Structure formats: structure tokens, C-alpha cells
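[1] Build me a model from this:
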Amino acid sequence: MRTSGDALTGERERRVRKAVADVRPDLAEAGALRPLGEGFESVALLLEPPGGPAHVLRFPRNEDGAEGIACETRLLPELAPRLPVPVPRFAFTAPNPLGPGTFCCYPAVPGDSLRPEEWHARGLLDEPGPVRLIARVLDAVHAFPAERARELGVPLQEPREEYADSERLAREHVVPLLPRGEADALLAAFGAYLGDDANFPDEPVLIHGDVSLDHLLVTGTEITGLIDFGDVAVGDPDFDLAYLWQQAGPGLVRRVQEERGAPMTARLEAKLRFWALADPVEDVLHGMENDLPDLSERRLADLRTLLSP
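    Next up is the predicted model:
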């Protein structure tokens, strides 16, 4: 989730406070209300009532975000006790005053959300504690019964179908923006991933779907929380390493795998490299679809850097 510095003022703040007051007037009557972060699918606000604990309010921005919060509402009460770190425990959900579906409210999970450069600057990726806990978190999420997750409405991820669709759209909209060599390299990466049956697990498991450094909350040198389960799915467990690979590098992923007693295979590395390419492609397409030219331009530059020899 991207951080945001925009102030919440006027009519939008009035609607938010009223929506909270309809359920918990003690939270809405007073206290600071400030932006906490935003992503493609939701926006988060921090509500700090005087003399009481801070609460996070997450509002879906579109139907995908609304479906994600609804899924979290059902899953997290059963998943949370199995995890080695605190996660959001919804105090309530209520009709969303800023968009579709319902919004959620929960006591703030302990810790700070840090940008990847802050993790590096603080040396957190060199500490044994965070690596050990990331391994435990992944194993605990993946151990949740997939059948029960599906009963709770967790969607089944279909990576072959989804990336085949991304390839089709990339051929039409992204490839024409690339020099020939880079375009050929991108299409070759899609072909290698999609054409190998071994890249797609026979038994998908519950995955968080967005294990990025900013979703692992930190206190001091320890991970003290995990947030943002909006992309939870039953899918390929390797995908929960994708953003760690992109943000922290292969070294961290190797150490996490060692901690889990799992091999860092050539196939896993190839999948992670492919997902690192596919991520900016999907952001470029998202920017085109939603009239966000700055996003498309920035992520196209990121893609070209990855494709450059």
C-alpha cells in the first residue's frame, strides 16, 4: 500500500466520521483522522481518539477492494490465531461512505510500515530475527487448510489463465512501447513461464498474496505485525516470495528458504524473475485502463530497466 500525504478534509471527512459514529460513536466524536496509505484497491486512514488506542479504517476504492475486505472479514478470525505475529482483528465493518461494499475498522497492529530503503538503511535485512519470522509467517499462512479457505470465500488463483491474459494485453499495449530486443525478451519470458506445466502447482495453498516489506510492520529490529490481506488467495505458495525478491533481493529469499528448510531451486528463481517482469507490465496496463499516465510511464521505465542487458 502506497503512503499518502493528502489531507482528508471537507465532505469526505464528514462522511467518514458519520459512518464510524453510526457504529462506534466513542471513536468518531473526536480525535485526529489522517491518511495512512493507499493502493489501487483501498485507502487506509488512522483514527486516533484522545486517550484511546489508534484504529485503522480501510475503505475499498473499487469492487475488487470490496471483495477483498469481505474475504478478510470471514478469513482473519480463523487465520489470526495460527500466525506468529498480530494481524488485523476487525472491530466492525459497515457500509462504505466513499465507495462500494463495506469498510473495516480495527485496532492498529503494532509496528511501523517502512519503505524498502528504510529496511536496508536500518540493516534489518541483515538481522536473523526478521528472516526467521518471515519464514514462520509464510509457513503458518500456507498451512491453513486450503479447503476451509475456499469455504470461507477465498478466491482460487488461476495463474496460467491470468498471465495468459496479461500476455495478450501486453502484446497489444506494452510491446509497441518497447525496442525490439526488449519486446522479444519480455515475450520470451511470458512464453517460458506459461509453457511449462511445472510452474503451476498441483495443490495450491492459502497465500497472503502481497508479502511486501511495507506490509511487515516493524518495532525496533523485530517484525511485530502483518497487514493487508486484501489479495489473499488459494494459489502458488512461491508467489508469497515475489515481492520480497523484488524489494529485498535474492539473498534474503535464499535465507528465508534456508530457514524454512526449502531449496532455492533454479525453477523457483526463474518464476521469481518472471513475476518481477510481470509486475510492472500489469501496473502499466492498470495505468492505461484507469487514465493514470504517470503510473504507466514510471512503471514502463522500471520494466525497461529489468529488460536491459
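[2] Return the list of helices and strands in contact with the least confident helix or strand in the chain by mean pLDDT.
    The weakest-scoring helix or strand in the chain, judged by mean pLDDT, DSSP states H and E, is helix 25-28 (a mean of 80). Judged by 3 or more CB pairs under 8 Å, 6 or more residues apart in numbering; DSSP states H and E, the packing partners of helix 25-28 are helix 10-21. No exception for glycine: its C-beta is placed from N, CA and C like everyone else's.
[3] Show me which positions of the helix it packs on end up buried.
    Residues of helix 10-21 classed as buried by neighbour count (16 or more other CB atoms under 10 Å): 16-17, 19-20.
[4] out of the residues you listed, who's nearest A278?
    Comparing the buried residues of helix 10-21 against A278 with CB to CB places V16 closest, at 35.0 Å.
[5] Leaving out chain neighbours, which residue sits closest to that closest one?
    Distances taken as CB to CB, 6 or more residues apart in numbering place P97 nearest to V16, at 6.1 Å, with adjacent residues excluded.
[6] Does the one you found touch A21 like I think?
    No - contact criterion CB atoms under 8 Å: P97 and A21 do not qualify, at 11.0 Å.
[7] what about the residue nearest to V16, neighbour count?
    17 (other CB atoms under 10 Å).
[8] That one: what's it in contact with?
    15-16, 18-19, 59, 103 (CB atoms under 8 Å, 6 or more residues apart in numbering).
[9] how about a markdown table for those residues, with pLDDT and distance to L133 added?
    Output for the contacts of P97, formatted as a markdown table (pLDDT from 0 to 100; distance: CB to CB, whole Å):
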| residue | pLDDT | distance to L133 |
| --- | --- | --- |
| R15 | 92 | 38 |
| V16 | 92 | 34 |
| K18 | 92 | 39 |
| A19 | 94 | 35 |
| F59 | 96 | 29 |
| F103 | 97 | 29 |
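[10] Count the residues that sit near A278.
    Counted with other CB under 10 Å, A278 comes out at 22.
[11] can you offset everything so residue one is 146?
    New numbering, starting at 146: the last item is A423.
[12] per-residue confidence at it?
    A423 is assigned 98 on the pLDDT scale.
[13] For the chain, give me the ranges with low pLDDT.
    146-154, 173-175 (pLDDT under 70).
[14] Would you map out the domains in it?
    For the chain, automatic domain parsing gives the domain ranges 155-252, 261-452.
[15] For the first one, measure first residue to last.
    Right, domain 155-252. This stretch, domain 155-252, spans 25 Å end to end (CA to CA, to the nearest Å).
[16] what about the residue nearest to P261 when sequence neighbours are not counted, helix or strand, and which?
    Counting by CB to CB, 6+ apart, P261 lies nearest to Q392, which is 4.3 Å off, once chain neighbours are set aside. Mapping Q392 onto the secondary structure by DSSP states H and E places it in helix 387-393.
[17] And that helix, what's buried?
    Those would be 387-393, for helix 387-393 by 16+ other CB under 10 Å.
[18] How about stretch 235-245?
    235, 237-238, 241-243.
[19] do the same with stretch 343-361
    344-345, 349-361.
[20] in the stretch 246-395 of the chain, which spans are strands?
    247-252, 350-352, 361-364, 367-371, 378-380 (DSSP state E, counting those that start in this stretch).
[21] which one of those is the most hemmed in?
    Mean neighbour count (mean count of other CB atoms under 10 Å) peaks for strand 350-352 among the strands of the stretch 246-395 of the chain, with a mean of 23.
[22] Show me what that strand packs onto, helices and strands only.
    Strand 350-352 packs on helix 273-288, helix 291-296, strand 378-380, going by 3+ CB pairs under 8 Å, 6+ apart.
[23] Using JSON lines, please lay out those together with distance to I368.
    Output for the helices and strands packed on strand 350-352, formatted as JSON lines (distance: least, CB to CB, whole Å):
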{"stretch": "helix 273-288", "distance to I368": "5"}
{"stretch": "helix 291-296", "distance to I368": "23"}
{"stretch": "strand 378-380", "distance to I368": "22"}
